[in-house]
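Peer 1: sequence-free structure coming up:
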């Protein structure tokens, strides 16, 4: 869990110089091992960890002066699933991709005097929860003198996104640059992993 509280005055200058940067990212899942032999099955990828809860409270003043310099940046991202192992043999099955991790909840409370940004792509409050992507399924190649069967590994399931909650209780929010939102709040589920290819001869 990530918790950030500001009760003072923060001023930054320069590109991507955010006033508050609070982020939790889940770890990447491990890849499955490859296999070879007459009958071979690629290793299944391991699961991944979740993104943690992120909470930001501002009771002061934050002013930034650079491109991409959000006054408050709060984000939780689930880890990506590992890739399934590949296989080769007379009968070959690719390993299954690991599932993506869920993202945590993101909560931002603005109860201060002022949030201000002056350049492009610098939203005053940027709050986002993003589920992790599923891992890719393993590939399989089968070559046999009598018979050959190949089955590609299935892709891993996507990780879910969580709730994003932004509250403005007092104070002003000012932005001046292009694509600089006062409040940008977004929840995005992860994409499922692609299946592995299969070839037999």
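Peer 2: Yep, that arrived. What you are looking at is a predicted structure, and each value in this text was computed from that prediction instead of being measured.
Peer 1: distance from the helix or strand of the chain with the lowest mean pLDDT to the middle of the chain?
Peer 2: Ranking every helix and strand in the chain by mean pLDDT, DSSP states H and E puts strand 39-41 at the bottom, with a mean of 83. The chain centre lies 33 Å from the centre of strand 39-41; the measure is C-alpha atoms, centre = their mean, to the nearest Å.
Peer 1: ok, now stretch 106-118?
Peer 2: With C-alpha atoms, centre = their mean, you get 23 Å for stretch 106-118.
Peer 1: ditto for stretch 155-167
Peer 2: The chain centroid and the centroid of stretch 155-167 are separated by 9 Å, computed with C-alpha atoms, centre = their mean.
Peer 1: first-to-last residue distance for that stretch?
Peer 2: Length of stretch 155-167, first residue to last, C-alpha to C-alpha, to the nearest Å: 38 Å.
Peer 1: next: stretch 169-187.
Peer 2: 22 Å.
Peer 1: that stretch - what's its average pLDDT?
Peer 2: Averaged across stretch 169-187, the pLDDT comes to 96.
Peer 1: list the contacts of it.
Peer 2: Under the contact criterion C-beta atoms under 8 Å, 6 or more residues apart in numbering, stretch 169-187 has outside partners 67, 103, 109-130, 161-166, 168. From N, CA and C alone the C-beta is placed, and that goes for glycine too.
Peer 1: list the buried residues of it.
Peer 2: Using 16 or more other C-beta atoms under 10 Å as the test for burial, stretch 169-187 gives 171, 173, 175, 177, 180, 181, 183, 184, 185, 187.
Peer 1: assign the last one to helix, strand or coil.
Peer 2: For residue 187, the secondary structure call by DSSP: H, G, I helix; E, B strand; the rest coil comes out as strand.
Peer 1: how about it, nearest residue that isn't a chain neighbour?
Peer 2: Once flanking residues are discounted, residue 187 sits nearest to residue 161: 4.3 Å by C-beta to C-beta, 6 or more residues apart in numbering.
Peer 1: does that neighbour touch residue 129 like I think?
Peer 2: Yes - in this structure residue 161 lies within contact range of residue 129 using C-beta atoms under 8 Å: 4.6 Å.
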